[in-house]
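Trainee: what would the 3D arrangement of this be:
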Amino acid sequence: MARYTGPKVRISRRLGVNVFENTKGSKALERRPFPPGHHGRSRRKGAGSEYLAQLQEKQKAKYIYGLLERQFRNLYEKSVRLTGPTGENLLRLLELRLDNVVYRAGWAASRPQARQFVSHGLIKVDGKRVDIASYTLQKGEVVTLSEKASNMIIIQHNIDTLGRKMVGWIDVAEAGKQVTVRELPVREQIDVPVREQLIVELYSK
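Mentor: Predicted coordinates for the structure are as follows:
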């Protein structure tokens, strides 16, 4: 399935957030904290319609987690059927994706890299190989690296150097090579710059 491969810095500047979480994007936003284009400076926050604000929040979430529109819409519809606030349900389902947990564990430098590790069969859930990035983890499930992955220099380098702060709903063991979903994340534990209620309003129209 196709993924966005265009100019990532322009996307981050347009949305006002480093959605790809890379160094280049952070530096670009520091230098030019306004949208790209001739009228970029005049289009910063405050300008634009309610619909545009809602659309931008959806785009932020899609780019941060690396989902296409159909995938995102399906996840939203699933979140509607769950009990509790729809927006929080949506973010929870995004966080519980296997590729996101691999990223949160510090095994991958980015979510695209985490997705690649999963698709290459380098990740196990409760001892069984899972190669579906969108797999939704459940409370109590244990995620580990395969034997091959445990010996990969790039993964060990990520564990040693990224220094990623572990989120509160995940427990770590085995020198960082095993994580367990201790509990389902609540909104306060999800540190993404997304106003999920605007996404709900957009899809509710």
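
Trainee: list the contacts for the residue most central in space within the chain?
Mentor: By CA atoms, centre = their mean, the chain has its centre lying nearest to Y65, at 3.1 Å. By CB atoms under 8 Å, 6 or more residues apart in numbering, Y65 lies in contact with L94, R97, N100, R111. All C-beta spots, glycine's among them, are computed from the backbone N, C-alpha and C.

Trainee: among those, name the ones in helices.
Mentor: L94, N100, R111 (DSSP state H).

Trainee: the first one contacts N100, correct?
Mentor: Yes. A contact is recorded between L94 and N100 when judged using CB atoms under 8 Å, the distance being 6.6 Å.

Trainee: neighbours around E69, how many?
Mentor: 10 (other CB atoms under 10 Å).

Trainee: isn't it up against Y63?
Mentor: No. Contact status for E69 versus Y63: not in contact, 11.6 Å apart, counting by CB under 8 Å.

Trainee: count of neighbours near R182?
Mentor: Neighbour tally, R182, other CB under 10 Å: 14.

Trainee: in terms of pLDDT, where does it sit?
Mentor: Looking at R182, its pLDDT is 98.

Trainee: residue contacts, G127?
Mentor: G127 neighbours (CB under 8 Å, 6+ apart): V142, T144.

Trainee: next, it: phi, psi?
Mentor: With angles defined as degrees, to the nearest 10, G127 sits at phi 80, psi 0.

Trainee: looking at it now. What's its pLDDT?
Mentor: pLDDT, G127: 98.

Trainee: next, count neighbours for D126.
Mentor: When neighbours are counted by other CB under 10 Å, D126 comes out with 13.

Trainee: hmm, I typed the wrong one, I wanted Y51.
Mentor: 12.

Trainee: got JSON lines for the contacts of Y65, with pLDDT and neighbour count too?
Mentor: Formatted as JSON lines, those follow (pLDDT from 0 to 100; neighbours: other CB atoms under 10 Å):
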{"residue": "L94", "pLDDT": "99", "neighbour count": "24"}
{"residue": "R97", "pLDDT": "99", "neighbour count": "25"}
{"residue": "N100", "pLDDT": "98", "neighbour count": "22"}
{"residue": "R111", "pLDDT": "96", "neighbour count": "22"}
